[in-house]
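[1] Give the three-dimensional model of this entry:
(one chain, ligands or ions: 1)
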Amino acid sequence: MEFNSGSEFVLSEFIARFGGQYAGEVGQRPRLYQAPGRINIIGEHTDYNDGFVLPATVDLHTWAAIAPRTDRILRVHACNDGRTVSIDLERIEAGEKGDWPEYVKGVAWSLACEDLRLRGADVVFAGNIPLGGGLSSSASLEVLLAFALLDCSDIELERKKIALTCQRAEAEFVGVQCGIMDQYTIACGSSNQAMLLDCRSQEYERVALPGQGVLLLVHSGVRHQLSAGSFNTRRNECRQAVEILASVIPGLESLRDLDMDQLEDHRTLLSDELYRRCRHVVTENLRVGQARMALEEGNSSRLGQLMSASHLSLRDDYEVSCPELDLLVEIAAESEGLRGSRMMGGGFGGCTISLVDRDRADDAAKIISDQYSRETGREPWIHIAGPADSVRRIISNG
Ligand code: GLA
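    Okay, here's the model as predicted:
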């Protein structure tokens, strides 16, 4: 059967699994919801350092069909791997790290920590966001479920608060000590605009996306596993650096408060590694501000240069790239019409994001794909980022 949309697909799977004219135990047809993925133009590994990021929603999605139950059981079926799990909301127990049911449980646990009493529900979900691609497939699932389960329980919660609750789920339940960028973008982003988010004040401004260029996403085929530890290691390195520097720089609470002069003045207190981690965060925060100006001026060349500089800093100072991502960035640099390219997201695999002139995008995609396949034997997944709304309920006519 052909489906026009992911929401039609999850609805049909829901009916197949949970009954023909499913009316739910409380007499409701399943409701449909969708949440986007996120891209990040610039500002990587700055969010958990209280810094700045410039992400946007992207037209890749997670969809869910949900109907409330009368008990407090969540019965959740994932179309992507065919498994169904039952979770008792009265007794949420952690299971295998990194597995999708942990995100479901994490969200339910985190909402319960806020004293929000969810109803049980039957849920079917599916998605087309590549897993481990740095496109926030896990945050998309978290925000989707939080939004949908709250809606089905007739509980209203501000979008910002939904984002923070989901971030807590990921940091404290799943165990990846991420910042707020992903969940915030998916909960509060808007179509066709990036978000300049100050991760300390949690205030944001909307910034128009590059007009003349498109953002090309290329998946290296190497799946990152953020819960594997390297992400938390970086976060701990930043904490260590703050602890050392705070003893000589009054008022320093996070790397957001550090500038290059202070870093150079106190360089001898830090190991070379910690010095480079700090240098990345300080320079990346500066680049976010410069990128915002470049976007406002419509200066694609400048924006591209900043993205490429970000990659070098992530590769050499923060050390979160990998040979496949570096190769993609090198190949991209040689394509005509390409303004800049960098790894995106947590790193250690996943996607690159490149700014390409609109009329050159298809050629660039083909050149990158051909050359990358020749050199690695891997066929890259490629997508030109399109606009997408933040998480929402889909009102169907049926
Ligand atoms: C992951 C985390 C985010 C952020 C990025 C790196 O996507 O979930 O909070 O730290 O990595 O910028």
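
[2] Show me which residues of the stretch 251-398 of the chain sit near the ligand.
    With the criterion set to CB under 6 Å from any ligand atom, the stretch 251-398 of the chain comes near the ligand through 345-346. Any C-beta I mention is one placed from the backbone N, CA and C, and that applies to glycine too.

[3] The stretch 251-398 of the chain: helices as residue ranges?
    Secondary structure of the stretch 251-398 of the chain (DSSP state H, counting those that start in this stretch): helices located at 260-265, 272-297, 300-312, 323-333, 361-376.

[4] Show me which parts of the third one are buried, residue by residue.
    What it means is helix 300-312. Residues 300, 302-311 are the ones in helix 300-312 that count as buried (16 or more other CB atoms under 10 Å).

[5] And for the longest one?
    Within helix 272-297, the residues that qualify as buried are 274-288, 290-292, 294-295, counting by 16+ other CB under 10 Å.

[6] same question, the shortest one
    Residues of helix 260-265 classed as buried by neighbour count (16+ other CB under 10 Å): 262-263.

[7] before we move on, what about stretch 78-94?
    Within stretch 78-94, the residues that qualify as buried are 78-79, 85, 87, 89, 92, counting by 16+ other CB under 10 Å.

[8] closest to residue 149 out of the helices of the stretch 251-398 of the chain?
    Residue 149 lies closest, by CB to CB, to one member of the helices of the stretch 251-398 of the chain: helix 272-297, at 33.3 Å.

[9] Packing partners of the closest one?
    For helix 272-297, the helices and strands in contact under the criterion 3 or more CB pairs under 8 Å, 6 or more residues apart in numbering; DSSP states H and E are strand 31-42, strand 52-68, strand 193-198, strand 203-208, helix 230-246, helix 260-265, helix 300-312.

[10] Redo those as TSV? Include mean pLDDT.
    Shown next, in TSV, are the helices and strands packed on helix 272-297 (pLDDT from 0 to 100):
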stretch	mean pLDDT
strand 31-42	97
strand 52-68	97
strand 193-198	97
strand 203-208	96
helix 230-246	96
helix 260-265	98
helix 300-312	98
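
[11] Nearest to residue 219, out of the ones you listed?
    Taking CB to CB, strand 52-68 is the member of the helices and strands packed on helix 272-297 nearest to residue 219, at 11.0 Å.

[12] Go ahead and measure how far that closest one is from the middle of the chain.
    9 Å (CA atoms, centre = their mean, to the nearest Å).

[13] do stretch 279-291 as well
    Per CA atoms, centre = their mean, the centroid offset for stretch 279-291 relative to its chain is 19 Å.

[14] would you put the C-alpha positions of it in PDB?
    Taking only C-alpha atoms (Å, rounded to 0.1, in the frame of the first residue of the first chain), the coordinates of stretch 279-291 have been written out as PDB:
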ATOM      1  CA  ARG A 279      39.500  27.200  22.800                       C
ATOM      2  CA  HIS A 280      36.800  25.400  20.700                       C
ATOM      3  CA  VAL A 281      34.000  26.600  23.000                       C
ATOM      4  CA  VAL A 282      35.200  30.200  23.100                       C
ATOM      5  CA  THR A 283      35.800  30.500  19.400                       C
ATOM      6  CA  GLU A 284      32.600  28.600  18.500                       C
ATOM      7  CA  ASN A 285      30.500  31.000  20.600                       C
ATOM      8  CA  LEU A 286      32.100  33.900  18.700                       C
ATOM      9  CA  ARG A 287      31.400  32.200  15.400                       C
ATOM     10  CA  VAL A 288      27.700  31.900  16.200                       C
ATOM     11  CA  GLY A 289      27.400  35.700  16.700                       C
ATOM     12  CA  GLN A 290      29.400  36.300  13.400                       C
ATOM     13  CA  ALA A 291      27.200  33.700  11.600                       C
END
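
[15] and residue 365, what does it touch?
    Under the criterion of CB atoms under 8 Å, 6 or more residues apart in numbering, the neighbours of residue 365 are 216, 218, 382, 384.

[16] swap in residue 275?
    Residue 275 makes contact with 263, 267, according to CB under 8 Å, 6+ apart.

[17] Quick check: the residue positioned nearest the centre of the chain vs residue 187, distance?
    For the chain, residue 136 is the residue whose C-alpha lies nearest the centre (CA atoms, centre = their mean; 2.9 Å). In this structure, residue 136 and residue 187 are separated by 11 Å, where distance is defined by CB to CB, to the nearest Å.

[18] Repeat that for residue 316.
    To residue 187, residue 316 is 33 Å away according to CB to CB.

[19] higher neighbour count, those two?
    With neighbours defined as other CB atoms under 10 Å, residue 316 and residue 187 compare such that residue 187 has more, 29 against 12.

[20] just checking, the more buried one touches residue 157?
    No - using CB atoms under 8 Å, residue 187 is not in contact with residue 157; the gap is 10.0 Å.

[21] rewinding a little: specify the stretch among the helices of the stretch 251-398 of the chain that is closest to residue 153.
    If you check each of those against residue 153 by CB to CB, helix 272-297 wins as the nearest, at 37.1 Å.

[22] Could you tell me how far that closest one lies from the centre of the chain?
    Once both centres are worked out by CA atoms, centre = their mean, helix 272-297 turns out to sit 19 Å from its chain's centre.

[23] Compute the inter-axis angle for it and strand 203-208.
    50 degrees (axes from the mean of the first three to the mean of the last three CA atoms, to 10 degrees).

[24] Could you tell me the angle between helix 272-297 and helix 300-312?
    160 degrees.

[25] Return the residues of the stretch 101-250 of the chain in contact with the ligand.
    With CB under 6 Å from any ligand atom as the criterion, the stretch 101-250 of the chain meets the ligand at residues 178-179, 181-182.

[26] about what we covered before: of the contacts of residue 365, keep whichever come out buried.
    Those of those that meet the buried threshold are 216, 218, 382, 384, by 16+ other CB under 10 Å.

[27] Please work out the residue of the stretch 201-350 of the chain nearest to the ligand and name it.
    residue 346 (3.4 Å; CB to the nearest ligand atom).

[28] That residue reaches residue 134, doesn't it?
    Yes - with contacts defined as CB under 8 Å, residue 346 counts as touching residue 134 at a distance of 6.1 Å.

[29] Residue 322: neighbouring residues, count only.
    Residue 322 has 17 neighbours, counted by other CB under 10 Å.

[30] Return the residues in contact with the residue in the stretch 1-150 of the chain that the ligand sits nearest to.
    Closest approach between the stretch 1-150 of the chain and the ligand, counting by CB to the nearest ligand atom: residue 44, at 4.0 Å. Under the criterion of CB under 8 Å, 6+ apart, the contact partners of residue 44 comprise 53, 284, 310, 314, 318, 320, 342-345, 347.
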